[in-house]
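>>> mind looking at a prediction? Sequence and model below.
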Amino acid sequence: MKEYLILIAAQNERGLSPSEEQHCIQEYGKWAETLAQKHITARRLSLSPGELVPSKKSVTTDGPFIEAKELIAGFVLISANSKKEAKDIATSCPLNEYFDLFVKETN
């Protein structure tokens, strides 16, 4: 089996109400239990701002921050037999109702 990273992308302007957030947490917990051996780990990222660490070849012109409409809100690490299976798992995630998910194989 291979490992795949599912990144959870949140829109800047899309805030969840407390009830929607609670719903996400409960449904995600149920989903993670159904995956059992395929679910390796997951983390929600802090709401505090991160900081861009540019490559040595980057030129900063207006500040050391990222301007994006989408931010990474968290990640899930799973094991799957193929990228198709990983995408199917991501599609079944209840967070996909609110957030875009990106699937990438790890090395």
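All right, it came through fine.

>>> between the two ends of stretch 30-46, how far is it?
22 Å (C-alpha to C-alpha, to the nearest Å).

>>> residues of it that come out buried?
Within stretch 30-46, the residues scored as buried using 16 or more other C-beta atoms under 10 Å are 31-32, 35, 38-39, 42. Using the backbone N, CA and C atoms, a C-beta is placed for each residue, glycine as well.

>>> host element of the residue nearest to Met1 when sequence neighbours are not counted?
Nearest residue to Met1 in three dimensions, chain neighbours excluded: Ser79, at 4.4 Å (C-beta to C-beta, 6 or more residues apart in numbering). Take DSSP states H and E as the rule and Ser79 turns out to sit in strand 70-80.

>>> go on, Gly29?
helix 18-35.

>>> list the helices and strands that helix packs on?
Applying 3 or more C-beta pairs under 8 Å, 6 or more residues apart in numbering; DSSP states H and E, we find helix 18-35 packed against no helix or strand.

>>> low-confidence ranges in this protein?
11-15, 52, 54, 58-70 (pLDDT under 70).

>>> what sits against the residue nearest to Met1?
Under the criterion of C-beta atoms under 8 Å, 6 or more residues apart in numbering, the contact partners of Ser79 comprise 1-4, 37-38, 40.

>>> what pairs with it across the strands?
Taking DSSP bridges as the rule, Ser79 bridges to Glu3.

>>> any idea how far it lies from Ile8?
According to C-beta to C-beta, to the nearest Å, Ser79 stands 18 Å off from Ile8.

>>> over to Leu95?
Leu95 is 6 Å from Ile8, by C-beta to C-beta.

>>> need the residues touching each of those two.
Common contacts of Leu95 and Ile8 (C-beta under 8 Å, 6+ apart): Leu101.

>>> measure Leu71 to Gln37 for me?
Distance of Leu71 to Gln37, given as C-beta to C-beta: 30 Å.
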